[in-house]
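1. What follows is a predicted structure for the sequence shown.
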Amino acid sequence: MWKRSLCLVAFLAIVLTASGCGAGPGDAGHGDVQARLNEEFSLSMGQRALIAGEDLGIRFEEVTEDSRCPRGVTCIWAGRVTCVVEITQASASYRMAVIEPGLSDEYSRESYGGYELAFHVTPYPEAGKKIAKDTYRLHLIISKVPELAEIIGSIIAEPVAFAGQDITIVGYYCGWDSLQEAKTAPRSPAATGWSRN
């Protein structure tokens, strides 16, 4: 009897291991996509991407609206497509709606934390044809957003690289040695010794 029980337990362990039931929630399971920052990837509905080297995942949950005007049709407005994604970072999750306007070939953009999500939804509607839910694809490029001090530092380090570009920096200036102060709130005029005359 005990031999039969031992064989049953061994058989179940082999089946569970082979089927992947031992995978943890952070492991890449069936249908997950491994992606990298600054590289395009696409997700079908229900699919999740794990971003290499980051504690970041994104899951394409659903399309809640698709009112985009089909190409070749005259509409009173361009419409839009709204997708819901779930973003996980550091064991916390956040549901977010991403909206792309109709009649646009450009990637739309949204921000989350220190990341920018550039996205595009396919297929595009055609007159008289309904899009099946399982054919939607969310194409994404995720990149890190540089900090303000990095942007200002690159402009000062290589001003020639920005020649001819309209750049407006709104803030305050306390001198070259105070560049790191860009991360802090400006001091009051009394604290800086400045006065209005």
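-> Thanks, I have the structure now.
2. what's across from residue 88 in the sheet?
-> Going by DSSP bridges, residue 88 is paired in beta bridges with residue 57, residue 93.
3. Number the residues from 44 up from this point.
-> Understood, numbering begins at 44; the last thing we discussed is residue 131.
4. just checking, it touches residue 100?
-> Yes. Using Cβ atoms under 8 Å as the test, residue 131 is close enough to residue 100 to be in contact (4.4 Å). All C-beta spots, glycine's among them, are computed from the backbone N, C-alpha and C.
5. Neighbour count: those two, which is higher?
-> Applying other Cβ atoms under 10 Å to residue 131 and residue 100 shows that residue 100 carries more neighbours, namely 20 against 17.
6. which ones are touching that one?
-> Residues touching residue 100, when contacts are defined by Cβ atoms under 8 Å, 6 or more residues apart in numbering, comprise 91-94, 130-132.
7. Now do it against residue 89, distance only.
-> Shown here: residue 100 relative to residue 89, a distance of 13 Å by Cβ to Cβ, to the nearest Å.
8. what do you get for residue 135?
-> Shown here: residue 135 relative to residue 89, a distance of 21 Å by Cβ to Cβ.
9. Those two: which is more packed in?
-> Using other Cβ under 10 Å as the criterion, residue 135 and residue 89 rank with residue 89 on top: 12 against 7.
10. residues contacting the more buried one?
-> In this structure, residue 89 makes contact with 74, 102-104, judged by Cβ under 8 Å, 6+ apart.
11. Mind jotting down where the helices sit in this protein?
-> With DSSP state H as the criterion, the chain has helices at 45-62, 191-200, 232-235.
12. Any idea which of these has the lowest pLDDT on average?
-> The stretch with the lowest average pLDDT out of the helices of the chain is helix 45-62, scoring a mean of 44.
13. Please read off the pLDDT at residue 147 from the model.
-> At residue 147, the pLDDT recorded in the model is 87.
14. that older thread, can the contacts of residue 89 go into CSV with extra columns for pLDDT?
-> Shown next, in CSV, are those (pLDDT from 0 to 100):
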residue, pLDDT
74, 79
102, 97
103, 97
104, 97
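15. Closest to residue 152 out of those?
-> Residue 152 has its nearest neighbour among those in residue 103, at 16.7 Å by Cβ to Cβ.
16. isn't that closest one right next to residue 87, touching?
-> Yes. Counting by Cβ under 8 Å, residue 103 does reach residue 87; the two are 6.9 Å apart.
17. higher neighbour count, these two?
-> In terms of neighbours (other Cβ under 10 Å), residue 103 is the more surrounded of residue 103 and residue 87; the figures are 25 against 14.
18. Which residue ranges make up the domains of the protein?
-> Listed by automatic domain parsing, the domain ranges of the chain are 73-187, 191-235.
19. now, of those, which is deepest in the fold?
-> Per-residue neighbour counts averaged over each of the domains of the chain give the maximum for domain 73-187, namely a mean of 15 (mean count of other Cβ atoms under 10 Å).
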